[in-house]
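K.L.:
need a structure here:
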Amino acid sequence: MNPLIFIQARMGSTRLPGKVLKPIGGKLQLQHLIDRLGVYTGRGQVVVVTSDKKTDDAIEKFCVEQEIKFFRGSEEDVLDRFYKAAKKFGASSNTTIVRITADCPLHHESVIRFALDEFARHELDYFTNSFAPHFEDGCDTEVFRYSVLEQTWKEADLQSQREHVTPYMKDSGKFLAGYKKYDPRYCFKLSVDTPEDHEAIENIFKTLAPSADFTITQVVDLILRDPSIIAANKKSVINAGYARSLSEDKKIK
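P.N.:
Got it, this is the predicted structure:
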């Protein structure tokens with residue numbers, strides 16, 4: 001399997017502007033994520049998928065400097081952005097696409113391998129390790145075939161489905177979906193959406209330093225041993241942005 005790894009990224013967060021290029025332990029958050037994808041980065045399979053908004057010029061500049069592939073498209077219709085990125089990078093009907101987000105600097109290649117293995121073993125159309133109410137927030141991984149992305153792009157007609165890429169795949173009933181956690185013990189909010197989230201994640205990196213390639217299992221072990229590591233973000237809410245989208249949802253096609 002030779003997947004495309006798409007990292008969804010933008011600078012325009014309302015709660016923590018510019019978060020994807022904020023430093024964590026002396027390294028930019030997006031650089032942490034890319035480095036921790038390991039073998040997939042080395043194979044040139046990683047593409048940063050950002051918007052064409054002026055504020056995201058900084059992400060393009062980063063990608064150019066680091067020789068990382070990138071694609072720019074619609075800011076609001078992220079589904080369209082993903083579809084056009086897949087076409088640009090030569091996806092065919094059975095090409096496997098992995099979607100992760102740039103607010104997850106703790107993500108690790110071992111989770112990607114797990115998700116790809118589950119996806120292939122069960123011959124699925126869609127797979128994720130992070131699902132309500134059993135989220136693995138901070139190492140969320142979604143896997144789907146290009147043909148599923150194309151059908152979703154054609155048929156999804158709600159604003160929430162266009163903005164968040166995969167809800168139609170999960171909820172329409174048209175695709176064979178699979179769900180399984182990478183680590184059954186994982187029950188934390190580890191994506192970076194707020195200054196408090198950033199502080200919590202920085203604590204993890206500092207505690208596990210000098211290693212930069214620690215696994216998600218090691219992260220879970222650390223937090224279970226010392227929950228105070230992430231005490232700063234105890235009030236943070238998982239998927240707050242998606243909940244807001246649903247409350248404001250409307251048909252746009």
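K.L.:
The helix or strand containing Phe127 packs against which elements?
P.N.:
In this assignment (DSSP states H and E), Phe127 forms part of strand 126-128. Where contact means 3 or more CB pairs under 8 Å, 6 or more residues apart in numbering; DSSP states H and E, strand 126-128 is packed against helix 109-121, strand 142-145, helix 167-171, strand 177-179. All C-beta spots, glycine's among them, are computed from the backbone N, C-alpha and C.
K.L.:
out of these, deepest packed?
P.N.:
Burial of these is given as mean neighbour count (mean count of other CB atoms under 10 Å); strand 142-145 ranks first at a mean of 24.
K.L.:
In the sheet, which strands lie alongside that strand, parallel or antiparallel?
P.N.:
Partners of strand 142-145 in the sheet, by DSSP bridges, are strand 96-101 (antiparallel), strand 126-128 (antiparallel).
K.L.:
Send me it as CSV with only the CA atoms.
P.N.:
Coordinates of the C-alpha atoms in strand 142-145 are reproduced here as CSV (Å, rounded to 0.1, in the frame of the first residue of the first chain):
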residue,chain,number,x,y,z
GLU,A,142,-8.8,8.7,9.0
VAL,A,143,-8.2,6.4,6.0
PHE,A,144,-10.3,6.2,2.8
ARG,A,145,-10.1,5.4,-0.8
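K.L.:
ok, then the element right after that strand?
P.N.:
Next along the chain after strand 142-145, taking DSSP H and E as the criterion, comes helix 146-155.
K.L.:
helices or strands up against the helix or strand of the chain at the bottom of the mean pLDDT ranking?
P.N.:
Ranked by mean pLDDT, DSSP states H and E, the weakest helix or strand in the chain is helix 240-247, scoring a mean of 73. Counting contacts by 3+ CB pairs under 8 Å, 6+ apart, helix 240-247 packs against helix 159-163.
K.L.:
Quick one: residues in contact with the helix it packs on.
P.N.:
Outside of helix 159-163, the residues that reach it under the criterion CB atoms under 8 Å, 6 or more residues apart in numbering are 76-80, 152, 156, 167-168, 242, 245-246, 248-252.
K.L.:
what about it, average pLDDT?
P.N.:
Helix 159-163 shows an average pLDDT of 95 in the prediction.
K.L.:
the helices in this structure, which residues?
P.N.:
Listed in chain order, the helices of the chain (DSSP state H) span 29-36, 39-42, 57-66, 78-88, 109-121, 146-155, 159-163, 167-171, 195-208, 216-225, 240-247.
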